[in-house]
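1. structure, please.
(one chain, ligands or ions: 1)
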Amino acid sequence: MPETARLQLGDKAIDLPIVVGTENERALDIGALRAQTGYITLDEGYRNTGSCQSAITFIDGEEGILRYRGIPIEQMAEHSSFIETAYLLIWGELPTENQFNTFSDLLTKHQNLHEDIRHHFDLFPSNSPPMAVLSAVLNALSCFHPEMLEIEDDNSFQEAAARIMAKVRTIAAYSYRHANGFPTIYPHPDKKYTANFLHMMFSQPYKEYEPDPELVKALDLILLLHADHEQNCSASTVRMVGSSGANLFASVAAGVCALWGPLHGGANVAVVDMLEEIRAAGMSVKEFMQQVKNKKNGIRLMGFGHPVYKNFDPRSRIIKKTCENVLARLHLKDPLLELAEELEATALQDEYFVQRKLYPNVDFYSGVILRAIGIPHSMFTVMFAIGRMPGWIAQWQEGRFVSKSRIHRPRQIYTGPTQRVYTPIDKRG
Ligand code: SDX
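-> Residues are numbered from 1 along each chain as shown. Alright, predicted model coming up:
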């Protein structure tokens, strides 16, 4: 018999079942609340509301814990790769060598785009926001792969997952090449995922780009660290769209749109904008922090704070270390990194930030690495989307085929006008 919690509403009392997760997180199951009491719950932004039970990623925001299918992010960062992590998130276990090679071969098989898709890029103005292009072309994949719209079994899911994982990187690179008037560079048959992306981004017809292996490793780690993050805004969007029966292409295209916002994935662009604005204005850290604390014009310390982490974001610590290693490797000194480190050190000593439990999140340092690698500033959020793709696919699959969730349909409390009559236009005003 599950544990219950008694809810007393006037003279009516009901017992709500208590759901306990494998990490002892506890929830009140209110599935029967409205039917039994006529009440609903209200939780702006769902900060106290679980939308699902999930076995993919565990976060303890108070302790700064992040685990992919139970494996701590620190171990994944040290031992794994982005594609191995993608396999773990999507299929629940680290792949055997044979499973890894099969998945890797599928990614190679599907890395090209239908030639007609290439013409889509010709129709976008060169200054188009890369996230708009990414979302549009991801959605367009459903026009070119209609057989992927209805996923009936594990094989068709694996094919669709591999297609999207393989092509999201190609779309991003083609979008960059087109926006800059560069000729398209096709995926290289022998290069693996992240190195191939850099090849498609930076090779020229007359000269192949040979990135420093350490840079490839750093970018692969950035993608790995972004791979999933339980029910964040974009993952919840993917699950919600998928809950209507929408196909995987449409669902992840919606996830791209949700990620675009500056409070979510768009923050990595906003962090670099903020750092560059501070430098361009010749502002001291102290002056800038005063503006943040005065909440002047809504200025925020971008890359700080988190809806769940009320302690450090474990990804930020790993990215900061990688930042320092990459810049040292390239014998680069990026003034933005020094400024970011000074802002962090100041914030961690400042009551405003400490009291509000605001710490660097995944976006605070990632932009500095992407800059060092040569990824254009406008594509930072696209890199987040490439990294998050396996998480979205895993979340979509779990919502659709594991928990077989009903269509997501939140309720509301209506606060508009009570009943009134229609007024003809000549009687208004
Ligand atoms: C991601 O959900 C996920 O898991 C997301 C993510 C993922 O992997 O998917 O981790 C990725 O989106 C990371 C977050 C990236 N966004 C930013 O860096 C943007 C800057 N941060 C914030 O805007 C903010 O911290 C949020 C949006 C991230 C979280 O907002 P909350 O939890 O809703 O906090 P809030 O807006 O209610 O703020 C609480 C207080 C307010 O002050 P008071 O009203 O109490 O006086 O903290 C202040 C806010 O003004 N505050 C900040 C701040 N963030 C919150 N003040 C200055 N700078 C900030 N960055």
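
2. longest strand in the chain, by number of residues?
-> For the chain, the strand with the greatest residue count under DSSP state E is strand 12-20.

3. quick one: which helix or strand includes F58?
-> F58 belongs to strand 57-60 when assigned by DSSP states H and E.

4. residue of this protein with the smallest distance to the ligand?
-> As assessed by Cβ to the nearest ligand atom, the ligand sits closest to G305 within the chain, at 2.2 Å. All C-beta spots, glycine's among them, are computed from the backbone N, C-alpha and C.

5. count the neighbours of that residue for me.
-> 21 (other Cβ atoms under 10 Å).

6. now the one 4 residues further on
-> When neighbours are defined as other Cβ under 10 Å, Y309 has 26 of them.

7. that one touches G64, doesn't it?
-> Yes. In this structure, Y309 is within contact of G64 by Cβ atoms under 8 Å, at 6.4 Å.

8. which neighbouring elements make contact with the helix or strand hosting G242?
-> Following DSSP H and E, one finds G242 within helix 233-243. Counting contacts by 3 or more Cβ pairs under 8 Å, 6 or more residues apart in numbering; DSSP states H and E, helix 233-243 is packed against helix 248-259, helix 380-397.

9. buried stuff in it?
-> C233, S234, A235, S236, T237, V238, R239, M240, V241, G242, S243 (16 or more other Cβ atoms under 10 Å).

10. quick one: low-confidence parts of the protein?
-> Under the criterion pLDDT under 70, no range of the chain is flagged.

11. in three-state terms, label I318 for me.
-> For I318, the assignment made with DSSP: H, G, I helix; E, B strand; the rest coil gives helix.

12. sorry, back to before: quick one: work out the angle between the helix holding G242 and helix 248-259.
-> Calculated by axes from the mean of the first three to the mean of the last three Cα atoms, to 10 degrees, helix 233-243 forms an angle of 150 degrees with helix 248-259.

13. related to what we said a few turns ago, I'd say the residue of the chain closest to the ligand and N361 touch.
-> Yes. G305 lies in contact with N361 (Cβ under 8 Å); the separation is 6.7 Å.

14. what do the two both touch?
-> Common contact partners of G305 and N361 (Cβ atoms under 8 Å, 6 or more residues apart in numbering): none.

15. and L224, how many neighbours?
-> L224 has 24 neighbouring residues, counting by other Cβ under 10 Å.

16. er, L66 I mean
-> Using other Cβ under 10 Å, L66 is surrounded by 26 other residues.

17. just give the nearest non-adjacent residue to it, would you?
-> I73 (4.2 Å; Cβ to Cβ, 6 or more residues apart in numbering).

18. tell me the contacts of that neighbour?
-> L66, R67, L225, P314, R315, I318.

19. go again with 10 Å.
-> Going by Cβ atoms under 10 Å, 6 or more residues apart in numbering, I73 touches 57, 59, 64-67, 80, 85, 224-225, 227, 229, 313-315, 317-318.

20. near the ligand, which residues of this structure?
-> Neighbours of the ligand within the chain, by Cβ under 6 Å from any ligand atom: 229, 232-233, 263-264, 267, 292, 300-308, 356, 358, 361-363.

21. and those, which are buried?
-> Here, 16+ other Cβ under 10 Å leaves 229, 232-233, 264, 267, 292, 300-306, 308, 358, 361-363 buried among these.

22. my guess is G399 contacts S54, does it?
-> Yes. Counting by Cβ atoms under 10 Å, S54 is a contact partner of G399 at 8.5 Å.

23. so which of those two has more stuff around it?
-> G399 (24 against 20).

24. measure the more buried one to T237 for me?
-> 11 Å (Cβ to Cβ, to the nearest Å).

25. mutual contacts of those two, please.
-> Counting by Cβ under 10 Å, 6+ apart, the residues touching both G399 and T237 are S251, H408.

26. so which strand or helix has E341?
-> Using DSSP H and E, E341 sits in helix 335-348.

27. export the helix or strand just after that helix as PDB, just CAs?
-> On the C-terminal side of helix 335-348, the nearest following helix or strand under DSSP H and E is helix 351-355. C-alpha atoms of helix 351-355 as PDB (Å, rounded to 0.1, in the frame of the first residue of the first chain):
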ATOM      1  CA  GLU A 351      25.800  38.800  -0.400                       C
ATOM      2  CA  TYR A 352      23.400  39.600  -3.300                       C
ATOM      3  CA  PHE A 353      24.500  36.500  -5.200                       C
ATOM      4  CA  VAL A 354      25.200  34.200  -2.200                       C
ATOM      5  CA  GLN A 355      21.800  35.000  -0.600                       C
END
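
28. before we move on, back to that, mind listing the shared neighbours of Y309 and G64?
-> By Cβ under 10 Å, 6+ apart, the residues touching both Y309 and G64 are R315, S316, Y359.

29. dump those to a markdown table, plus neighbour count and distance to A160.
-> Rendered in a markdown table, the data for the shared contacts of Y309 and G64 read as follows (neighbours: other Cβ atoms under 10 Å; distance: Cβ to Cβ, whole Å):
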| residue | neighbour count | distance to A160 |
| --- | --- | --- |
| R315 | 27 | 28 |
| S316 | 24 | 32 |
| Y359 | 23 | 37 |
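
30. first-to-last residue distance for stretch 406-417?
-> For stretch 406-417, the first-to-last residue distance is 31 Å (Cα to Cα, to the nearest Å).

31. what lies in contact with that stretch?
-> Here stretch 406-417 makes contact (Cβ under 10 Å, 6+ apart) with 34, 40-43, 46, 49, 51-52, 236-237, 239-245, 399.

32. give me that answer again for 8 Å
-> Identification of contacts with stretch 406-417 by Cβ under 8 Å, 6+ apart yields R34, I40, L42, S51, R239, M240, S243, S244, G245.

33. same question for stretch 215-222.
-> 77, 81-82, 193-195, 197-198, 318-319, 322, 325-326, 329-330, 366, 369-370, 372-373, 375, 383, 387.

34. quickly note the distance from F353 to F124.
-> Taken as Cβ to Cβ, the span from F353 to F124 is 40 Å.

35. those two: who's more crowded?
-> F353 (20 against 17).

36. need the contact list for that one.
-> L301, F304, A347, Y359.

37. what do you get for G367?
-> N268, V269, V271, V272, L336, H377, F380.

38. compare those and tell me which is most surrounded.
-> Neighbour-wise, the contacts of G367 (other Cβ under 10 Å) top out at N268, 29 neighbours.

39. am I right that that residue is in a helix?
-> Yes. The assignment for N268 is a helix, going by three-state DSSP.

40. quick check, H110 in contact with R163.
-> Yes. The pair H110 / R163 is scored as a contact, 4.5 Å apart, by Cβ under 8 Å.

41. is R6 in a helix, a strand, or coil?
-> strand.

42. what's the separation between it and D15?
-> Distance from R6 to D15, by Cβ to Cβ: 6 Å.
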